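In: mind folding the following:
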Amino acid sequence: PVFGAYGRPRGTQDVFRYQLPIFFRWLDGRGRPWDQVTIRDFAAYKLYRTRKRRVSDQTWDKDYFALDRFYKWAKADGHMDESPIPIRDQKQDPKKKRMQVAGKNAITHRWRWATPGTFVLWREVGFRGYLPTPSEEGRGYEVGFEDETYRGHNIQRNVTYVDLVWSSALRRQEAGTLLLPELPETVSSEPILARKMAKKGRARRWRSANETIAQINAYIHNSRAAAVRRAQHTGLYDSISPLWVTDFDTTSKGRTLTLADGSKMTVAELTIEDRMRLFREDASGRPEPLWLWLQQNGMPLQQQGWNKIFERANQRFSTELARVGRTSDVDWLSPHSLRFSYGLNLLIALHRIIDKDPNAITGPGRYDAAYSIVASLMGHANPEVTKTVYLEPLSQDRLWESVAFTNDDIATALEDIAMRDPRVLDLAEGWRG
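Out: Coordinates of the predicted model:
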C-alpha cells in the first residue's frame, strides 16, 4: 500500500523517508510482516534502536513519530484493526495502556526566542568552540577563552549558516538548499526565494545583513573551495551524473539556467534532487557543484543534515554551561528559534523607527505597517500569524508601554522583554554588540 505522506511538509516527509525504511529492514530480518506488528515488536524495536544502535533520544523520537503516524494511517485505511504503537499521553485514550516511548533525555522544549547576546554566546560556544564564563556583573554569561580541546569540523560553514538564518529568517530548507546563483549579487540585493523551496510554494524576496553576505563570500573562497579541491583530487565528482550549467540569467521572474545541451531550467521550479546535481566548470575547467553548503569531502550537504549539526552544538552548549553553574532548563536553539528571534528583533527595531517619526499615526493601527513588513520578510500570507505566533511576547496588553523604549538601545529593550517574559532566553544579560 501507498502511505499517505504526500502533501505533508517536506521536513515531515524527510522523517518518514529516513526512519521508516530502517524499521522495515528490521522487520524483514525478523521475518515479521508490517501489518502483523504488535506492541511487543515495538518494545523490541525500541531496545534495538536505543540500546544496540545507541541512537540519540532525539532520533528515537523521530522513529516514534514516523511509526505512530504510519500505523494510524494503516488503521484508518483498513490494513489493521488497531495501531500497535503505544501512546505518549494517556489523556488521548484513557483505556489504552501507556508506555514510556520518549527518550528519557529527549528535549521536549526548545526556546522560541533568544536575545542577540544569547545567540552570540550560543554560536561561539556551540560552533566555534569557546568556553562560557560568568559575567563580571554576575548577571548571565559571556564568551570566555577558546577551548583548546575542541575539535570541531566545518566551523566556517556552520557559523556562516547560523548567521544567515539569524539575519534573514530563512527556514532550514530555504537556507539549506541555496545555490550559488541565488545569492545576493550586492549587499543591497534582494534575490527571490525559489518557489519550490519556500514553504507552501510562496516565493518571496529575502535579504541578509551586510556582514553575513561577506561571511558567505569568505566561506565560498576558503573552506568551501578547499572542499571542492579535495573532491576534484579524489575524483569524487566522477561518480555523479551531473546537470552541467553553462550560463544563468536574472529576469523579473528569477534565475534561469542554461544547460550544456542548450536547454533551459527555471531555478524556481528545480527540485532538491536536481539542485544537488547542478555543476559548472571552475576557472581550471574542473567540476564544481552549484549547491552552496558542502560537506568536508566536497559533496552537497543535504538540508536535513543541519539537524545533527545543531544537535551537536546544542549538546556542547548545554554541557559547557552546566560546567559553570547553569543548572536550569536545557538550553537548545533550533533554526526555527533563530527565525522566531529574527521576527522579534526586527519588530522592535521597526517600532523604534515609527516612534521617532513625527508623522506616524497614533492610536489603533499605529504599528500595523511594522507587522506587515515582518510578515512579508518571513513569508507569511497573513500578518496575524506573525503577530500571534512569532511575536507573542509583544502581544500582551500594555507590554509596549512597560518596556524601556525611551532608550534608543534595542538590546536594552530586548533585555527588558526577556525579564518580563520567561519564554525569551537571555543568558548574556548586559551584552552589547
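In: quick one, strands of the stretch 151-300 of the chain?
Out: Applying DSSP state E, counting those that start in this stretch to the stretch 151-300 of the chain gives strands spanning 243-251, 254-259, 264-266, 278-281, 287-289.
In: and the gap between residue 427 and residue 139?
Out: Using CB to CB, to the nearest Å, one obtains 10 Å as the distance from residue 427 to residue 139. C-beta: built from backbone N, CA, C; applies to glycine.
In: ignore the last one, residue 381
Out: Using CB to CB, one obtains 40 Å as the distance from residue 381 to residue 139.
In: same thing with residue 130?
Out: If you go by CB to CB, the gap between residue 130 and residue 139 works out to 19 Å.
In: more neighbours: those two, which one.
Out: Ranked by neighbour count (other CB atoms under 10 Å), residue 130 and residue 139 place residue 130 first, with 19 against 14.
In: go ahead and confirm the more buried one touches residue 144.
Out: Yes: using CB atoms under 8 Å, residue 130 is in contact with residue 144, at 6.3 Å.
In: ok, back up a step: would you turn the strands of the stretch 151-300 of the chain into a markdown table with distance to residue 315, mean neighbour count and mean pLDDT?
Out: Listed next are the strands of the stretch 151-300 of the chain as a markdown table, based on distance: least, CB to CB, whole Å; neighbours: other CB atoms under 10 Å; pLDDT from 0 to 100:
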| stretch | distance to residue 315 | mean neighbour count | mean pLDDT |
| --- | --- | --- | --- |
| strand 243-251 | 37 | 15 | 87 |
| strand 254-259 | 38 | 18 | 86 |
| strand 264-266 | 40 | 14 | 89 |
| strand 278-281 | 34 | 19 | 94 |
| strand 287-289 | 30 | 22 | 96 |
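In: what are the buried residues along the helix or strand containing residue 316?
Out: Counting by DSSP states H and E, the element that carries residue 316 is helix 305-323. Along helix 305-323, the positions that meet the burial threshold by neighbour count (16 or more other CB atoms under 10 Å) are 306-307, 309-318, 320-321.
In: immediately after it, which helix or strand?
Out: Later in the chain than helix 305-323, the nearest helix or strand by DSSP H and E is helix 335-356.
In: tell me the buried residues in whichever helix or strand comes after that following helix?
Out: From helix 335-356 onward toward the C-terminus, using DSSP H and E, the following helix or strand is helix 368-378. Applying a neighbour-count criterion of 16+ other CB under 10 Å, the buried positions in helix 368-378 are 370-371, 374-375, 377-378.
In: look up the pLDDT of residue 89 for me, please.
Out: Predicted confidence (pLDDT) for residue 89: 49.
In: residue numbering should commence at 132 henceforth.
Out: Okay, using 132 as the starting number, the last item reads as residue 220.
In: give the burial count for residue 370, as a bare number.
Out: There are 7 residues near residue 370, going by other CB under 10 Å.
In: my error: substitute residue 480 in the last question.
Out: Residue 480 sits with 13 neighbouring residues when counted by other CB under 10 Å.
In: now swap in the one 4 residues further on and tell me
Out: Here the number of neighbours of residue 484 (other CB under 10 Å) works out to 11.
In: is it correct that residue 408 is in contact with residue 371?
Out: Yes: with contacts defined as CB under 8 Å, residue 408 counts as touching residue 371 at a distance of 6.7 Å.
In: next up, the contacts around the residue sitting nearest the centre point of the chain.
Out: By CA atoms, centre = their mean, the mean C-alpha position of the chain lies nearest to residue 466, the distance being 2.8 Å. The contact partners of residue 466, taken as CB atoms under 8 Å, 6 or more residues apart in numbering, are 296, 302-303, 306, 437, 441.
In: can you do 10 Å?
Out: The neighbourhood of residue 466, defined by CB atoms under 10 Å, 6 or more residues apart in numbering, consists of 292-293, 296-297, 301-307, 434, 437-438, 441.
In: quick revisit: can you lay out the buried residues of helix 499-509 as JSON lines showing pLDDT and distance to residue 205?
Out: As requested, the buried residues of helix 499-509 are arranged in JSON lines below (pLDDT from 0 to 100; distance: CB to CB, whole Å):
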{"residue": "501", "pLDDT": "82", "distance to residue 205": "47"}
{"residue": "502", "pLDDT": "82", "distance to residue 205": "43"}
{"residue": "505", "pLDDT": "86", "distance to residue 205": "42"}
{"residue": "506", "pLDDT": "85", "distance to residue 205": "39"}
{"residue": "508", "pLDDT": "85", "distance to residue 205": "41"}
{"residue": "509", "pLDDT": "85", "distance to residue 205": "37"}
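In: sorry, back to before: any idea which of the buried residues of helix 436-454 is closest to residue 205?
Out: Taking CB to CB as the measure, residue 205 sits nearest to residue 438 out of the buried residues of helix 436-454, at 26.4 Å.
In: so for the helix holding residue 447, mean pLDDT?
Out: Averaged across helix 436-454, pLDDT comes to 90.
In: need the overlap of contacts for residue 261 and residue 275.
Out: Shared contacts of residue 261 and residue 275, counting by CB under 10 Å, 6+ apart, come down to 252, 255, 451.
In: what comes into contact with stretch 157-170?
Out: Residues lying outside stretch 157-170 but in contact with it, judged by CB under 10 Å, 6+ apart, are 132, 151, 154-155, 172, 175-176, 179-180, 184, 198, 201-202, 205, 210-211, 213-217, 228, 230.
In: can you give me the end-to-end span of it?
Out: Using CA to CA, to the nearest Å, the end-to-end distance of stretch 157-170 comes to 15 Å.
In: buried ones in it, by neighbour count?
Out: For stretch 157-170, a neighbour-count test (16+ other CB under 10 Å) marks 157-158, 163, 165, 168 as buried.
In: for residue 285, grab the count of nearby residues.
Out: For residue 285, the number of neighbouring residues by other CB under 10 Å comes to 20.
In: now do the same contact list for it.
Out: With contacts defined as CB under 10 Å, 6+ apart, the neighbours of residue 285 are 258, 291-292, 350, 354-355, 358, 424-427, 432, 440.
In: which one (most neighbours) among these?
Out: Neighbours were tallied for each of the contacts of residue 285 (criterion: other CB under 10 Å), and the maximum of 28 neighbours falls on residue 292.
In: just for the stretch 182-331 of the chain, where's the confidence low?
Out: Scanning the stretch 182-331 of the chain for pLDDT under 70 picks out 219-241, 268-269.
In: recalculate using a threshold of 80.
Out: Within the stretch 182-331 of the chain, the stretches falling below the threshold (pLDDT under 80) are 183-189, 218-243, 267-270, 316-319.
In: helices of that one, start to end?
Out: For the stretch 182-331 of the chain, applying DSSP state H, counting those that start in this stretch gives helices covering 188-207, 247-254, 286-299, 303-307.
In: quick one: the first one to chain centroid distance?
Out: Meaning helix 188-207. Averaged C-alpha coordinates place helix 188-207 at 22 Å from its chain's average position (CA atoms, centre = their mean, to the nearest Å).
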